[in-house]
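Participant: Model the following, please.
(chains A, B, C and D)
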Protein chains: 4
Amino acid sequence: MFNTFGNLLRITTFGESHGKAIGAIIDGLPSGIPVEAAYIQAELNRRRPGQSEITSPRDEKDRVEILSGVYEGLSTGTPIALIIRNIDVRSEDYLEIKNMYRPGHADYTYDTKYGIRDWRGSGRASGRETAARVAAGAIAKKFLETRGIRIYGYTLEIGAVRAEIIKLGEIEKNPVRCPDPGAAEKMVNLIKKLRDEGDSIGGIIEARVIGCPAGLGEPVFDKLEARIAQAIMSIGGVRGFEVGAGFGCSRMKGSEFNDIPVYKDGKIGFATNHAGGIVGGISTGEDILIRVAVRPPASISKPQKIVNKSGKSTVIEIKGRHDPCIVPRVVPVVEAMLSLVIADFVLLQRRFQDLDKKS
Amino acid sequence: MFNTFGNLLRITTFGESHGKAIGAIIDGLPSGIPVEAAYIQAELNRRRPGQSEITSPRDEKDRVEILSGVYEGLSTGTPIALIIRNIDVRSEDYLEIKNMYRPGHADYTYDTKYGIRDWRGSGRASGRETAARVAAGAIAKKFLETRGIRIYGYTLEIGAVRAEIIKLGEIEKNPVRCPDPGAAEKMVNLIKKLRDEGDSIGGIIEARVIGCPAGLGEPVFDKLEARIAQAIMSIGGVRGFEVGAGFGCSRMKGSEFNDIPVYKDGKIGFATNHAGGIVGGISTGEDILIRVAVRPPASISKPQKIVNKSGKSTVIEIKGRHDPCIVPRVVPVVEAMLSLVIADFVLLQRRFQDLDKKS
Amino acid sequence: MFNTFGNLLRITTFGESHGKAIGAIIDGLPSGIPVEAAYIQAELNRRRPGQSEITSPRDEKDRVEILSGVYEGLSTGTPIALIIRNIDVRSEDYLEIKNMYRPGHADYTYDTKYGIRDWRGSGRASGRETAARVAAGAIAKKFLETRGIRIYGYTLEIGAVRAEIIKLGEIEKNPVRCPDPGAAEKMVNLIKKLRDEGDSIGGIIEARVIGCPAGLGEPVFDKLEARIAQAIMSIGGVRGFEVGAGFGCSRMKGSEFNDIPVYKDGKIGFATNHAGGIVGGISTGEDILIRVAVRPPASISKPQKIVNKSGKSTVIEIKGRHDPCIVPRVVPVVEAMLSLVIADFVLLQRRFQDLDKKS
Amino acid sequence: MFNTFGNLLRITTFGESHGKAIGAIIDGLPSGIPVEAAYIQAELNRRRPGQSEITSPRDEKDRVEILSGVYEGLSTGTPIALIIRNIDVRSEDYLEIKNMYRPGHADYTYDTKYGIRDWRGSGRASGRETAARVAAGAIAKKFLETRGIRIYGYTLEIGAVRAEIIKLGEIEKNPVRCPDPGAAEKMVNLIKKLRDEGDSIGGIIEARVIGCPAGLGEPVFDKLEARIAQAIMSIGGVRGFEVGAGFGCSRMKGSEFNDIPVYKDGKIGFATNHAGGIVGGISTGEDILIRVAVRPPASISKPQKIVNKSGKSTVIEIKGRHDPCIVPRVVPVVEAMLSLVIADFVLLQRRFQDLDKKS
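Facilitator: Presented below is the predicted three-dimensional model:
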């Protein structure tokens, strides 16, 4: 509820962009799981700004500190608290917008809901909030890795540029995290062009879970795709979610869409994977495949004509150091949320232990 | 968790397609809210099969019985239990598939997860499970109506046929629940054609919440769109979800996507609604607008070559009385889930009562 | 929350005393567990009125019907719905108290909280609500039995009469469920005497969990004793709870209270069990031992001078068919709640599966 | 679940005794509530060791730092993170017990449950964990105070010494927090005597909620007394809980126990308060009255003969700086937990807003 997510493995995040710190508590992780600051830090570095020429030049150091729940490099089964201090904040950049509702930002809705708002750096509504998710997700990701489950996110589209080939090994070799080197170059150029125009651009992320066992998911309301959808749609800037054939299924016939059961490697598998690895809310053992629509960043330097809080017309030009495209930086956030969901369902499935013993 | 959904207003559903009954418990509804069997029944009738020539000819009577929580037509604040007995079941239709995994169905995943499966009529994985949601949702829908919040779902696309105009008054006048009478006719013809071919077809549902106050939603994990996404993606057959501009936002520039704050009717509103009525996870007061991708039904009479449980090749022809397109019948389910989510957030927002008194 | 209890194994109950039915949903139970109506019925029979000369002569048949979640005698992993129809209700017995707040009853608090009240047979506040708990608890109890965990409740005290010896085999042989045959006789006589005086009497229940493995409990807020306390204190009429030495510990020295670790049967055990089988919120492997204070029933035929709803003085004489002592009938309710809690923690502990494999 | 407690107002705590820090996240608090470090600090000072001659001489500074959720002294409606760094830890004091299970401590159960244990200063099982509760509870306590609800805890008994008079104004004037100055002196002497003998002693805390409105509590599983019981029994060292007449009710007749409705101050009240302010799980408007049994501290310097981890007999003498009686320091913890529960139910009751408007 609210700032807590998960059933058995639960994450709670806190913190505002220009407050003292952001952080996360991970509760429910079994004991004996390796938890290392270095691994978490590496994931954080993938999300932080300033990592390439196409991201915001803000230099958020994002140093994670583990406060509890880990002893001699292993989880103890007690809650793991992670904090990241906020440094290099320039609250004065935001003074001007204190009495304005920036277009596309959550200023108006936060003000309406809470009647009070920490306007500095967008407060809790800042994309910075996702750093806590990435830190917590790194722990889940590592847990899954030791069980042979791997999670890959990548940029599928930026504007109208689309990756035509998916080479997982290419993803981290270019600043847009695109698995198609040719498309990556075009994406970089498109982003630079829009930055120079004082504008921004959206895109699509694709992610897959490889090595996911069949049987994960808890119908009917915690169907695997339903929980993944909540996890992903809770990321700031995400406006759409689909699994497998997704929206494309609306134009397919049943005879085209149905994945036919076949015999593969001595067990039942499926000839195709239009279902994206999830049927009836439960994983099939095939790769889980999702796509995520990411909006263009709201903060653009182009002048925009708006009304201020008191209803007077004015013109706003967003200052500060903003990303012209957040898609590449959202990739590790999508991976983190996917990791947390899958790890949660792995643990939930363990209540069927008797079943394991029978087979 | 599992078969319970919601934070303050919680629904728990139970029941298998060919078991004794399906039903729902609604807990957390304030006292004094009108709850009438007739209203619930009317919503159930919109979902049930046999309502038109293009739906399954199964004649599920779907009579709802209210067991508790209502006294003299009003909710008492205690849990409301609803049950619907299963009648007109023909379990023998399913005998043949007891040892097969039907393509596109959850037979394989249920078997793998639970090690045991009520194969009759697809058991818990049957679309029939959604009748309990519609019954419970009707109560939430009524609650919202008395507060001026209205929820409309309709068929936007069937296959490649798309509604070009949205006339809310037309929706219930045609069997496909399409707000565009011209498109409706084409949709009906398309569905009939596929039925005659022993095939099926998918589509897209659009839904909107009208009169929704600003301020609903609980960042960061219970952002309004995140919880709606979970609710909608938990409906059997749904494969994609988007809000506002949705996947279209990926090709938009920030200067195009941003909804500009303007003065309307003496208060702040927005010039456009690309955000679909939700910014930062909180409602803006504009209409909430979502779209939902629905897959083609898995049960088709066309022969399909599969392997059976023991891996032997065979051919399956699905018998029984199935829908060639479930989109029109999913419309009331989408409305029900939307109603439950919005009502939950209306109640959650009441904890800010002090705020109300200040203003 | 509200009418749902449990973490992984969750029970939701519904129903009013004179409504159509009461019932329970059990969600989260693994598949493949035997669930039989006969077993549930046997537990219900232990709770129902009319079972002996010292309980209410109301003849609640309490026939349980299983609506879902069970196939061929085994749980399927989907929610199990149980209902018990209300019959032999005499709502007219309650007409007189519609405008009065009966002393010791929840009439006033329900009215104040909800503003509306189903006054017939005390509605949701009736002890009848616990029948749903007993039905659900029977399933958990059976699940635990197949794992060698047994739960016994019994009457320790009625008024000032106390069981001096604990013979588990005697419990079900007398109508007060007392493990000491001599004390049982005195208890029966005391209850009869008070019934004849138009009065009622309280008592103390003791319960123990035998064969409980070490390691159950989830510090810090779901410590085993904390969750058991919630479960037990949520039973109508319970006013006190203690574990092990309980309130007696307040007068003990550390050197007396500490249970000394010793070697027993080839493993570590404890010389004494003042801790009642729970240390640091986690089971020790010794018997879990709790005691429960039960108030005298509020419904007495003796005249009581009260004010009515409008503040006028009046005299009330409670009619209807009431128990002069509910302790013996609360025993199976305590067992049911204990069973649900322990089963929940058994399932929660399974997330430490890796640990099991290591050892 | 686990380290999170509450329904709408939720607290999550983390941290081990000798780890880097302990802390708490409070989520769900409405915006606009005053949150001041000074107030929290004052409550922490009531709990910390070294505050008087009869508590442990450890000098835990317990400086609270607010990391998020507060802006210009007011809550913003986002999660409030509090941390308290651990300083003055002497882990070497615990080296010797690394391979032993100290009598009365959670060493054995933590080891059995988790297979790994942070043995330094008892880790998560340390009483230090309650400092996080006191910090979080202070915020809830302040919230309640501004609504006229006050919470008082005090020492009722230490060993066989019992407070005979209850003067709330005396509580903070003596080191044992006893409302009876004469008894206080005897308690101090008793504690000193036991300390000098290398032993320890238990006691009983009583607490009352004054000014609590009628209508709080959520039957049937979140009955007010049930949730308070969970909250209180989750405090380390608590072994018993009762409300109102409590265990005493077991010897009372119905005609003695029933609180008779009377007219007081122009509204309905009760002639007596044996119910302790809660009937049917809902507050009556009378004072809520609970009692809490606290065990003698496990750490005593007196030699104890035990077996070590490998089953060999040995003698243990607990070193370190320990309390001979924790009752006075548990008083603010009881108040904190009570505050959190009551504040949670105040917010939950707000969903009945329509009701308020009617009356």
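
Participant: Which residue ranges of the stretch 1-150 of chain A form strands?
Facilitator: Assigned by DSSP state E, counting those that start in this stretch, the strands in the stretch 1-150 of chain A fall at A:4-5, A:10-14, A:21-27, A:64-66, A:70-71, A:74-75, A:80-85, A:150-158.

Participant: By mean pLDDT, point me to the weakest helix or strand of chain A.
Facilitator: Between all helices and strands in chain A, the lowest mean by mean pLDDT, DSSP states H and E belongs to helix A:353-358, at a mean of 69.

Participant: Contacts (any at all) between chain B and stretch A:239-253?
Facilitator: Yes - using CB under 8 Å from any CB of the partner chain, stretch A:239-253 reaches chain B at A:239-253. Yep, even glycine has a C-beta here, placed from its N, CA and C like the rest.

Participant: for that stretch, what is the average pLDDT?
Facilitator: Stretch A:239-253 carries an average pLDDT of 98.

Participant: Can I get it in PDB, CA atoms only?
Facilitator: The C-alpha coordinates for stretch A:239-253 follow below in PDB (Å, rounded to 0.1, in the frame of the first residue of the first chain):
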ATOM      1  CA  ARG A 239       2.000   5.400 -19.800                       C
ATOM      2  CA  GLY A 240       1.500   2.000 -21.300                       C
ATOM      3  CA  PHE A 241       2.200  -1.600 -20.700                       C
ATOM      4  CA  GLU A 242       1.800  -4.800 -22.700                       C
ATOM      5  CA  VAL A 243       2.800  -8.400 -22.500                       C
ATOM      6  CA  GLY A 244       3.700 -10.700 -25.400                       C
ATOM      7  CA  ALA A 245       1.800  -9.700 -28.500                       C
ATOM      8  CA  GLY A 246       0.200  -7.000 -26.400                       C
ATOM      9  CA  PHE A 247      -2.000  -4.500 -28.300                       C
ATOM     10  CA  GLY A 248      -1.100  -6.400 -31.400                       C
ATOM     11  CA  CYS A 249      -3.400  -9.200 -30.300                       C
ATOM     12  CA  SER A 250      -6.400  -7.100 -30.900                       C
ATOM     13  CA  ARG A 251      -6.000  -7.700 -34.600                       C
ATOM     14  CA  MET A 252      -5.100 -11.400 -34.400                       C
ATOM     15  CA  LYS A 253      -7.400 -14.400 -34.900                       C
END
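
Participant: Please name the bridge partners of A:A293.
Facilitator: Beta-bridge partners for A:A293, by DSSP bridges, are A:I204, A:G240.

Participant: And for A:Y71?
Facilitator: Applying DSSP bridges to A:Y71 yields these beta-bridge partners: A:L74.

Participant: doesn't D:R124 make contact with it?
Facilitator: No - with contact defined as CB atoms under 8 Å, A:Y71 does not reach D:R124; the gap is 10.2 Å.

Participant: okay, and the common contacts of those two?
Facilitator: Listed as contacting both A:Y71 and D:R124 by CB atoms under 8 Å, 6 or more residues apart in numbering or on different chains are D:16, D:118.

Participant: Compare these two (neighbour count), which wins?
Facilitator: When A:Y71 and D:R124 are compared for neighbours, D:R124 comes out ahead with 29 against 20, by other CB atoms under 10 Å in any protein chain shown.

Participant: which residues touch the closest residue to the more buried one other than its chain neighbours?
Facilitator: Nearest residue to D:R124 in three dimensions, chain neighbours excluded: A:T78, at 4.3 Å (CB to CB, 6 or more residues apart in numbering or on different chains). A:T78 is in contact with A:68-69, C:219, D:3, D:14, D:16, D:118, D:123-124, counting by CB under 8 Å, 6+ apart.

Participant: now do 7 Å
Facilitator: A:68-69, D:16, D:124 (CB atoms under 7 Å, 6 or more residues apart in numbering or on different chains).

Participant: One more: A:I25?
Facilitator: So A:I25 contacts A:12, A:79-81, D:12, D:14, D:25 (CB under 7 Å, 6+ apart).

Participant: Between all of the residues you listed, which two are separated the most?
Facilitator: The largest distance within these, taken as CB to CB, falls between A:I80 and D:I25 and amounts to 13.0 Å.

Participant: Distance of A:A42 relative to A:K141?
Facilitator: 10 Å (CB to CB, to the nearest Å).

Participant: neighbour-wise, which of these two wins?
Facilitator: A count of neighbours by other CB under 10 Å puts A:K141 above the other of A:A42 and A:K141, at 24 against 12.

Participant: tell me the contacts of the nearest residue to the more buried one once chain neighbours are set aside?
Facilitator: Leaving aside its chain neighbours, A:K141 sits nearest to A:S339 (4.1 Å; criterion: CB to CB, 6+ apart). Applying CB under 7 Å, 6+ apart to A:S339 gives the contacts A:137, A:140-141, A:144, A:151.

Participant: Could you pull up the residues touching the residue in the stretch 201-350 of chain A positioned nearest to chain B?
Facilitator: When scored by CB to the nearest CB, the stretch 201-350 of chain A has A:G280 as its residue closest to chain B, at 2.4 Å. Residues near A:G280 by CB under 7 Å, 6+ apart: A:219, B:106, B:109-110, B:125.
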